[in-house]
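Undergrad: Quick one: sequence plus predicted model below, questions after.
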Amino acid sequence: MSSRFRLEDLTYRKLDEKTDLSSFSCSVEDDLGVDEFIHKEAINYQKEHFGITYLFYHNEEIVGFVTIAMGVVKANELSEGMEEDSQLEIKTFPSLLIGKLGVDNRYRRRDVGRILCAWCVGKALEFSEDIGCRYVSLVTKKSKIGFYNKCRFFTANPNKERIVMMKRIT
């Protein structure tokens with residue numbers, strides 16, 4: 001098995017129109033359409049300010065990407081044990097939304113996905129000091145719950161087809 005990566009092993013850059021994605025494929029177990037998104041939709045999402053895509057590189061080769069945007073977590077979606085202790089009556093909480101996350105087929109099972117999730121948590125912590133952010137959230141399918149649980153995300157609605165998962169950061 002190939003060696004696992006650490007965050008220090010990777011660099012990242014924002015996707016732009018000049019980025020060559022021809023050697024990148026995350027088509028294995030892609031029941032969320034992530035591969036099609038990065039190749040056909042991501043740049044337009046970025047132009048429309050729906051989400052910004054960051055590409056992660058190892059030795060100038062793309063190993064993964066994440067698209068992030070602003071989001072909210074509804075108070076009624078909070079999982080057991082995640083109840084708010086605030087004295088304020090808040091119905092939604094600011095969140096960094098992981099819109100899409102993909103790892104190149106050649107780099108799967110080498111901690112790239114976990115690193116991308118940790119990077120998103122770091123971004124959310126930065127945002128929490130400047131604009132307010134309480135959670136990192138995402139929407140996924142049941143087939144991906146195990147991965148996100150390993151990244152310490154919790155399921156808000158486990159009995160639905162599209163699963164809301166979140167992680168409190170503050």
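TA: Everything's here; your move.

Undergrad: For the rest of this, base every contact and every neighbour count on C-alpha atoms.
TA: Will do.

Undergrad: Which residues does the top strand by length along the chain contact?
TA: For the chain, the longest strand by residue count, based on DSSP state E, is strand 61-74. If you take Cα atoms under 8 Å, 6 or more residues apart in numbering as the criterion, strand 61-74 is touched by 21, 24, 42, 50-57, 91-104, 106-107, 112-113, 116, 120, 135, 137.

Undergrad: The top helix by length along the chain: what's the following helix or strand?
TA: Counting residues, the longest helix in the chain under DSSP state H turns out to be helix 112-130. Remark: after helix 112-130, the chain's next helix or strand is strand 135-141, criterion DSSP states H and E.

Undergrad: Show me the contact partners of that next one.
TA: 32, 71-73, 93-99, 120-121, 124, 161-170.

Undergrad: got the angle between that strand and strand 61-74?
TA: Here the directions of strand 135-141 and strand 61-74 differ by 100 degrees (axes from the mean of the first three to the mean of the last three Cα atoms, to 10 degrees).

Undergrad: relative orientation of strand 135-141 and helix 112-130 in degrees?
TA: Here the directions of strand 135-141 and helix 112-130 differ by 140 degrees (the same axes, to 10 degrees).

Undergrad: Just grab the bridge partners of the residue nearest to the spatial centre of the chain for me.
TA: In the chain, the centroid-proximal residue (Cα atoms, centre = their mean) is Ile98; its distance is 3.3 Å. Residues in a beta bridge with Ile98, per DSSP bridges, are Ile68, Leu138.

Undergrad: what's the answer for Tyr54, then?
TA: Beta bridges link Tyr54 to Lys14, Val66, judged by DSSP bridges.

Undergrad: that's a helix at Phe56, yeah?
TA: No. Phe56: not assigned to a helix; according to DSSP: H, G, I helix; E, B strand; the rest coil it is strand.

Undergrad: Quick check: phi and psi at the closest residue in space to it that isn't next to it in sequence.
TA: Excluding the flanking residues, the one nearest Phe56 by Cα to Cα, 6 or more residues apart in numbering is Tyr12, at 4.3 Å. When read as degrees, to the nearest 10, the backbone of Tyr12 gives phi -140, psi 150.
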